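compute the structure for the input listed below.
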Amino acid sequence: MATSNLRTEKIWLDGNMVPYDEANVHVLTHSLHYGLAVFEGMRCYKSDDGRSAIFRAHEHIRRLLESAHIVEMPMPYSGEELAKSCADVVRVNKLAECYIRPIAFYGEGEMGLSARGNKTRVAIAAWPWGAYLGADSANKGVRLKTSSFVRFHHNSMMPAAKASGHYVNSILAGYEARRSGYDEALLLDTQGFVAEGSGENVFVIRDNVVRTPPLTSILGGITRDAVMRILTDQGYDVREEYFARDAFYIADEAFMTGTAAEVTPVVELDDRRIGTGKPGPITAKVQGIFHAALRGRESRYREWLYYV
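Take a look at the predicted model:
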């Protein structure tokens, strides 16, 4: 997995730009103890015209606000304020391309599971970040292992919220997969159907039909949504439906999507080769259109770019 240097000049914290070393919280910060925080992962790309643009900024901020609503966290800023602040962080730190992390969390004050008096604090950081699953992942594809950890039921943790505590499940699955020599984990839902990767949505393709799991036990990915639109615009039959992991084994091709992972081919699951064992032509087509859209070269998708 790609690593990155997080250090930048400024971080936006509670409405102010503060020096990197001063963007601190107290050890009794409520969300540190109980995991009740909501966050987003966003990317900014340099367009062909030289300007930098955040990919689908408004959709990401909308999901952040919806996540807060789901977990009953009051948000002190509007969506437009947060989108503008994300752009400000990119600009102030002079980043042409970067990953952006807005996070809302409960600060110090009361302690205990039922505490409701703590202030919601919001931070936005940005830093350079390359390929999430490794430098060669987009070209060569990745190997997955079905995890022994199950993605939680939608009435247990409400996966429509991108909440920090949910990711303990993902972290443990990722540890297990990488310890066994795989690039990423594939998690099943409580019924045994394919759910998602530890931090990515998944797609399988067979006979030109594209399938992806429905929004029950998975996060509704912003990149997932964009890729589904690209595929539909290209005339492919895209279906949201349940399928078992053996659908991967007999697929012609498969890929994962996510803000960090972008569009990453999957070439193997559980030591079974998928298709030819190399990234497939539909995946390559989607990658090409998606990356062109990120650089402002696709006029029909220019609405996805929020220029800083």
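
from here on, contacts and neighbour counts on C-alpha atoms
Will do.

who are the packing partners of the least confident helix or strand in the chain by mean pLDDT?
Every helix and strand of the chain was ranked by mean pLDDT, DSSP states H and E. The lowest is helix 137-140, at a mean of 88. Judged by 3 or more C-alpha pairs under 8 Å, 6 or more residues apart in numbering; DSSP states H and E, the packing partners of helix 137-140 are strand 262-269.

count the neighbours of residue 226 for me.
Counted with other C-alpha atoms under 10 Å, the neighbours of residue 226 add up to 17.

OK, contacts around the closest residue in space to residue 62 that isn't next to it in sequence?
The spatially closest residue to residue 62, leaving aside those adjacent along the chain, is residue 79, at 6.6 Å (C-alpha to C-alpha, 6 or more residues apart in numbering). For residue 79, the contact set (C-alpha atoms under 8 Å, 6 or more residues apart in numbering) comprises 58, 61, 62, 65.

wait, is the last one part of a strand?
No - with DSSP: H, G, I helix; E, B strand; the rest coil as the criterion, residue 65 is located in helix rather than a strand.

my read: residue 148 touches residue 173, true?
Yes - contact criterion C-alpha atoms under 8 Å: residue 148 and residue 173 qualify, at 7.4 Å.

gap between the residue nearest to residue 62 and residue 279?
Between residue 79 and residue 279 the distance is 38 Å, computed by C-alpha to C-alpha, to the nearest Å.

and residue 146, bridged to which residues?
Here residue 146 sits in beta bridges with residue 186, as judged by DSSP bridges.

what helix or strand is residue 210 on?
strand 209-212 (DSSP states H and E).

equivalent analysis for residue 291, please.
Residue 291 is part of helix 281-294 when elements are defined by DSSP H and E.

how about the contacts made by the residue nearest to residue 210 when sequence neighbours are not counted?
Residue nearest to residue 210 in three dimensions, not counting chain neighbours: residue 238, with 4.7 Å by C-alpha to C-alpha, 6+ apart. For residue 238, the contacting residues are 209, 210, 211, 212, 228, 231, 232, by C-alpha under 8 Å, 6+ apart.

isn't the fourth one up against residue 202?
Yes - with contact taken as C-alpha under 8 Å, residue 212 and residue 202 are classed as touching, separated by 6.1 Å.

now do the strands in the stretch 201-308 of the chain.
201-206, 209-212, 237-240, 253-258, 262-269, 272-273, 305-307 (DSSP state E, counting those that start in this stretch).

these: which one's closest to residue 291?
strand 262-269 (8.8 Å; C-alpha to C-alpha).

can you tell me what sits against the closest one?
Strand 262-269 is contacted by residues 137-146, 223, 248-249, 253-257, 273-280, 283, 286-287 when judged by C-alpha under 8 Å, 6+ apart.

and if you look at stretch 100-115?
Here stretch 100-115 makes contact (C-alpha under 8 Å, 6+ apart) with 25-31, 34, 36-44, 68, 75, 86, 116-127.

let's see that with 7 Å instead.
26, 28-31, 36-43, 117-127 (C-alpha atoms under 7 Å, 6 or more residues apart in numbering).

which of those fall in helices?
30, 31 (DSSP state H).

may I see the PyMOL selection of the buried members of the contacts of stretch 100-115?
The buried subset of the contacts of stretch 100-115, as determined by 16 or more other C-alpha atoms under 10 Å, is captured in PyMOL by this line:
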select buried, resi 29+30+31+36+37+38+39+40+41+42+43+118+119+120+121+122+123+124+125+126+127
